[in-house]
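J.: okay, sequence plus prediction incoming.
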Amino acid sequence: MTNHLYYGDNLRVLRESIRDESVDLIYLDPPFNSNASYNVLFKGPQGNESAAQIEAFDDTWHWTDSAEEAFGEVMRAGNGNASEMLRAMRSFLGENDMMAYLAMMAVRLIELHRVLKPTGSLYLHCDPTASHYLKILLDAVFGARGYKNEIIWKRTSTHSDAKTWSRVTDTILFYAKSPASFIWNTPREAHSDDYVRVKFTGDDGDGRGPYQKHDMTSPSPRPNMMYEWMGFEFPEKGWRFQLETMQKLHDDNRIWYPRLANGELDFSKRPRLKKYLSEMEGGVMGTVWTDISPINSRAQERLGYPTQKPVALLERILSASSNPGDVVLDPFCGCGTTVHAAQKLGRQWIGIDVTHLAIGLIEKRLRDAFEGVEFTTHGVPQDLAGARDLANRGREDKNYYFEFEKWALSLIAAQPGNLSKKGADRGIDGNIYFGKTSRAIVSVKAGENVGVSMIRDLRGTIERERADIGIFLTLTPPTKPMISEAAAAGQFEMEGFSPVPRIQIVSVEEALQLRDRAVRLPARRDDTFKKARRESGGGQGSLDL
């Protein structure tokens with residue numbers, strides 16, 4: 001397999017699975033508590049924050065033992081500049097939420113610097129709340145000369161209810177590991193319509209399109225270029241081209257000749273060279289990007305993820321700072337836009353995320369968008385034996401039980417029903433929204449002893465919650481009485497769709513094979529996992545980890 005998707009803490013994955021100097025390009029969009037939607041994968045049916053709120057980074061927003069540990073690791077990492085800078089920040093900020101975030105980021109930036117090739121680059125995407133602190137940290141880790149650009153992306157339009165200047169931009173910090181030697185493919189902007197209209201006034205109707213007329217006289221005296229051409233006297237300093245070249249240009253109809261009203265040549269003027277718009281590159285792209293629209297509610301690529309970035313944004317970054325076959329890493333890959341763009345452009349990729357729901361979304365997105373796509377997912381069960389192993393560990397450690405629950409829900413694209421926290425879930429492990437306001441409740445069972453009483457409990461939960469459908473997702477195959485009890489619950493009907501069972505029993509084995517197709521719903525909402533648009537690209541390479 002050439003591409004790798006990891007479930008887990010990116011710090012652990014980087015240290016255990018990514019070797020030194022193996023990555024060509026890193027893009028990261030790390031979560032920060034100034035924007036709560038970073039941790040919200042999907043919205044509920046009324047547009048509110050739903051039970052899909054994943055609080056995997058909760059301890060990074062407060063100065064706790066975890067923050068102190070991260071701070072200590074930076075002090076011991078051997079990067080003197082980074083440790084001194086982080087110590088100075090702590091002296092200035094104290095032990096607050098911002099400092100906890102910066103400690104978490106600093107220890108990861110050191111690891112990201114380690115895995116970059118000498119010719120590699122890093123793009124860190126952030127909002128203005130923490131960008132100044134992150135820039136200082138990057139200066140310390142990469143060295144001040146590693147800084148290349150600060151890109152400003154206009155991600156939204158102005159807000160009429162803003163209390164001060166409307167915040168409409170994000171910041172993308174661009175650093176190179178080797179300041180004088182890094183991969184760079186110059187991106188260019190297309191000529192503006194006004195520029196084309198004013199400058200490219202010629203068009204012979206021969207299919208080559210509009211052209212500019214350029215001077216053909218030499219800028220300095222060139223005696224060997226002083227020859228008569230087609231009856232035109234040579235300019236004072238001679239022509240710009242040798243006679244042989246001039247003949248080739250003429251034969252290729254690339255010379256414009258001045259003519260009188262009657263069509264005869266006008267020898268009082270000089271011929272000019274035709275330069276076609278299709279052959280002329282635009283100007284080098286600047287650092288203010290206003291031409292890439294954000295993902296709105298009508299965007300075809302929208303998956304329902306609030307902070308989803310446009311594929312075009314990542315394509316621009318990947319095209320400028322990597323080449324086909326290069327390795328691209330996203331350690332906070334969220335809904336997978338970076339790996340999507342990498343797959344589309346023929347790059348190899350590594351994605352890391354700490355939530356099962358995100359991993360499930362990325363797997364589905366890639367399979368929907370790229371026919372025959374190949375990748376390896378690490379850290380999650382890949383078959384029934386792996387599922388049983390995770391469930392068995394859950395019997396000894398409750399944390400593993402909740403990991404099994406979240407993983408199982410991700411198989412059928414369900415949203416966690418209890419914020420993934422310990423405690424009473426009132427019989428609701430997950431939710432799937434469908435239609436306009438309809439809801440299916442999911443109950444997950446990892447135990448070996450399942451029975452008909454559990455189906456009755458699920459039926460009672462449906463009635464209490466006024467839900468429409470109940471899904472019983474079980475690791476152990478159901479008994480015949482359970483199947484009969486589920487059938488007795490009858491059918492759910494929605495106008496325009498075929499009836500479906502009100503209570504559906506889905507085995508984990510079925511979910512592994514069929515994914516969300518294991519659940520029968522009349523009209524599934526886009527708020528969960530919307531199907532990604534099929535892409536025509538998607539090259540494969542090799543990746544030696």
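T.: Perfect, thanks for sending it.

J.: pop out the phi and psi values for the residue nearest the centre of the chain.
T.: In the chain, the C-alpha nearest the mean C-alpha coordinate belongs to Thr337, at 2.3 Å (Cα atoms, centre = their mean). Phi and psi for Thr337, reported as degrees, to the nearest 10, are phi -60, psi -40.

J.: now it: how far from Val444?
T.: 29 Å (Cβ to Cβ, to the nearest Å). No exception for glycine: its C-beta is placed from N, CA and C like everyone else's.

J.: got it, and Gly146?
T.: Counting by Cβ to Cβ, the gap from Gly146 to Val444 is 47 Å.

J.: between those two, tell me which one has more neighbours.
T.: Val444 (25 against 20; other Cβ atoms under 10 Å).

J.: help me confirm that the more buried one is found in a strand?
T.: Yes: membership of Val444 in a strand is supported by DSSP: H, G, I helix; E, B strand; the rest coil.

J.: could you find the closest non-adjacent residue to it?
T.: Distances taken as Cβ to Cβ, 6 or more residues apart in numbering put Asp429 closest to Val444, at 4.3 Å, once the chain neighbours are dropped.

J.: tell me, how many residues neighbour that neighbour?
T.: Neighbours of Asp429 (other Cβ under 10 Å): 24.

J.: got a list of what it touches?
T.: Glu405, Leu409, Pro416, Gly417, Asn418, Val442, Ser443, Val444, Leu473 (Cβ atoms under 8 Å, 6 or more residues apart in numbering).

J.: widest-spaced pair of those residues?
T.: Across the contacts of Asp429, the longest distance by Cβ to Cβ is 14.6 Å; it joins Asn418 and Leu473.

J.: more neighbours: which of the two?
T.: Neighbours per residue (other Cβ under 10 Å) separate Asn418 from Leu473, with Leu473 holding more: 26 against 16.

J.: which residues does that one bridge with?
T.: Val444, Val506 (DSSP bridges).

J.: could you identify the longest helix within the protein?
T.: Across the chain, the longest stretch assigned as helix under DSSP state H is helix 97-115.

J.: residues in contact with the closest residue to Gln491 other than its chain neighbours?
T.: Excluding the flanking residues, the one nearest Gln491 by Cβ to Cβ, 6+ apart is Pro499, at 3.9 Å. Contact analysis of Pro499 by Cβ under 8 Å, 6+ apart lists Gln491, Phe492, Glu493.

J.: got a ChimeraX select line for the buried ones in those residues?
T.: Selecting the buried subset of those in ChimeraX, with 16 or more other Cβ atoms under 10 Å as the burial test, is done by:
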select :492
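
J.: from the contacts of Pro499, pick the one nearest Trp349.
T.: So of these, ranked by how close each gets to Trp349 (Cβ to Cβ), first place is Phe492, at 40.5 Å.

J.: how close does the nearest residue to that closest one once chain neighbours are set aside sit to Gly94?
T.: Among residues not flanking Phe492 along the chain, Arg502 sits closest, at 4.7 Å (Cβ to Cβ, 6+ apart). Distance, Arg502 to Gly94, using Cβ to Cβ: 56 Å.

J.: comparing those two, which residue is more hemmed in?
T.: Per other Cβ under 10 Å, whichever of Arg502 and Gly94 has more neighbours is Arg502, with 20 against 10.

J.: which pLDDT does the model give that one?
T.: Here the pLDDT value assigned to Arg502 is 96.

J.: any low-confidence regions in the protein?
T.: Low-confidence segments of the chain (pLDDT under 70): 1, 33-61, 158-162, 295-307, 397-400, 418-425, 524-531, 536-545.

J.: got the domain ranges for it?
T.: According to automatic domain parsing, the chain comprises the domains 4-53+115-187+285-378, 193-279, 384-518.

J.: got those domains as a markdown table, with distance to Met85 columns?
T.: Below are the domains of the chain laid out as a markdown table (distance: least, Cβ to Cβ, whole Å):
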| stretch | distance to Met85 |
| --- | --- |
| domain 4-53+115-187+285-378 | 4 |
| domain 193-279 | 44 |
| domain 384-518 | 34 |
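
J.: once you drop chain neighbours, what's closest to Gly334?
T.: Going by Cβ to Cβ, 6+ apart, Gly334 has Ala358 as its nearest residue, at 5.8 Å.

J.: apart from its neighbours in sequence, what residue is nearest Ser498?
T.: Pro522 (7.6 Å).

J.: so what's that neighbour up against?
T.: Contacts of Pro522 (Cβ under 8 Å, 6+ apart): Phe434, Gly435, Ser438, Phe492, Met494, Gly496, Phe497, Ser498, Val500.

J.: kindly recompute the last result at 10 Å.
T.: Contacts for Pro522 (Cβ atoms under 10 Å, 6 or more residues apart in numbering) come out as 434-435, 438, 468-469, 492-500.

J.: how much space separates Glu73 from Tyr101?
T.: Glu73 is 15 Å from Tyr101, by Cβ to Cβ.

J.: who has more neighbours, those two?
T.: More crowded of Glu73 and Tyr101, by other Cβ under 10 Å: Tyr101, with 26 against 16.

J.: my guess is the more buried one contacts Pro31. True?
T.: Yes: between Tyr101 and Pro31 a contact is recorded at 9.0 Å, counting by Cβ atoms under 10 Å.
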